[in-house]
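Peer 1: only geometry, no sequence info:
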């Protein structure tokens, strides 16, 4: 019986940084993300490990049932004949949970090394293809990228070798004590973890091997975005290759040349190939966008002059004189020439309308740190990284102590749209 266990891997660790930021821009909504927070609309937190929240996506339940069914109706009856149907289903469920525990350990391998390099991990999410570790920023160096990328496969290979070795030891030392179920389970976990580790070493970005390749290219040409684009090409190629192999397997199964039992493997190869192709293509597009934005300064994109709101103004007056009159979604709040906060439509809507005449802007604004202000000579990419890190959708541009502009996500999106139309 064919089953997808060899392909339930963390395609491909999905260590997100500015992906979430790009996905929030109207211009880039058409980009298909294989990894990123925007993909996981329905997910639930199930715990914490190393201080990292662990989430389960809704699609995980579908693949959990499918893997359990594949084991209970195919693999386990063939390897352990003579047991009851309920026993097979119970063993299949336990095996599936242990398989996803292996995927979680794979992701924790990445996360442990990332934390060593002071890269925050917002969460790990288990989903239909395995797991994703959401990184708060890109690795600081090629060495860091290389070590983070290889940590996951190393954990999987060590687990695989350990499980296989344990299964062989139990089989040889306790063969007559009715422990065949543990031998089969150990062999299964060992085989899948070895497959998981080896598959992710394929040098097709954004697989772990592709990220290791990007680290090498980054060290060679000293250009992160160029290295990403080059590594993504290999990912596109491997995605196409997997899809073609899967189609050949399906065609062979349907024509009778190959066994019908491997038809499911062909379907999974096509699905994984499509997923890898989409992820690599998205990464290549984003690398090109990042390269173009790195050459654009904040001064070229910022909105000016800036309309600011005094902190002691009544909320009702701010609504009438600023939000309605200008139509902006938010304003910097300034006092004696210094930015002390930002007030948005959401802040206004959070209080009852009857309180607007009695509440001050100071009471509802969101205070901001000094990092909220940036110089006009920064690149747009630097501004985007600052927004993503702080969770802001706008920044104040300051030069010689004076406010000279405002850079917002919508302004960046408009610039990208115009730039794309010119191209």
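Peer 2: Yes, it's here. Since the structure is predicted, the reported quantities are computational estimates derived from the model, not experimental observations. Numbering: from 1, shown residues only.

Peer 1: can you tell me how far residue 105 is from residue 116?
Peer 2: 17 Å (Cβ to Cβ, to the nearest Å). The C-beta positions use only the backbone N, C-alpha and C, and glycine is treated the same way.

Peer 1: equivalent analysis for residue 322, please.
Peer 2: Taken as Cβ to Cβ, the span from residue 322 to residue 116 is 47 Å.

Peer 1: of the two, who's got more company?
Peer 2: residue 322 (19 against 12; other Cβ atoms under 10 Å).

Peer 1: got the confidence number for that one?
Peer 2: Per-residue pLDDT puts residue 322 at 88.

Peer 1: doesn't it fall inside a helix?
Peer 2: Yes - assessed by DSSP: H, G, I helix; E, B strand; the rest coil, residue 322 belongs to a helix.

Peer 1: give me the below-cutoff pLDDT ranges for this structure.
Peer 2: Low-confidence segments of the chain (pLDDT under 70): 1-41, 129, 175-178, 259-264, 419-423.

Peer 1: show me where it has its strands.
Peer 2: Under the criterion DSSP state E, the chain contains strands at 43-49, 52-57, 121-127, 130-135, 330-335, 338-344, 366-367, 373-374, 394-399, 402-408.

Peer 1: which strands and helices lie in contact with the fourth one?
Peer 2: Helices and strands touching strand 130-135, as assessed by 3 or more Cβ pairs under 8 Å, 6 or more residues apart in numbering; DSSP states H and E, comprise helix 85-116, strand 121-127.

Peer 1: deepest-packed of the ones you listed, please.
Peer 2: Sort the helices and strands packed on strand 130-135 by mean neighbour count, taking mean count of other Cβ atoms under 10 Å, and strand 121-127 sits at the top with a mean of 22.

Peer 1: and the angle for that strand with strand 52-57?
Peer 2: Between the axes of strand 121-127 and strand 52-57, defined by axes from the mean of the first three to the mean of the last three Cα atoms, to 10 degrees, the angle is 30 degrees.

Peer 1: how far is strand 121-127 from where the chain is centred?
Peer 2: Mean-position distance between strand 121-127 and its chain equals 8 Å (Cα atoms, centre = their mean, to the nearest Å).

Peer 1: okay, now the sheet partners of it, with direction.
Peer 2: strand 52-57 (parallel), strand 130-135 (antiparallel) (DSSP bridges).

Peer 1: would you map the helices across the stretch 251-400 of the chain?
Peer 2: For the stretch 251-400 of the chain, the helices defined by DSSP state H, counting those that start in this stretch cover 263-294, 298-301, 315-318, 324-326, 345-349, 361-364, 380-390.

Peer 1: ok, residue 233 - how many residues close by?
Peer 2: Look at residue 233: counted by other Cβ under 10 Å, it has 15 neighbours.

Peer 1: for the spatially closest residue to it that is not a sequence neighbour, give its distance to residue 278.
Peer 2: Using Cβ to Cβ, 6 or more residues apart in numbering and skipping residues adjacent in sequence, the residue nearest residue 233 is residue 284, 6.9 Å away. With the distance defined as Cβ to Cβ, residue 284 ends up 11 Å from residue 278.

Peer 1: so what's the nearest residue to residue 309 once chain neighbours are set aside up against?
Peer 2: In this structure, residue 309 finds its nearest non-sequential neighbour in residue 331, 4.5 Å apart by Cβ to Cβ, 6+ apart. For residue 331, the contact set (Cβ atoms under 8 Å, 6 or more residues apart in numbering) comprises 307, 308, 309, 318, 322, 323, 342, 343.
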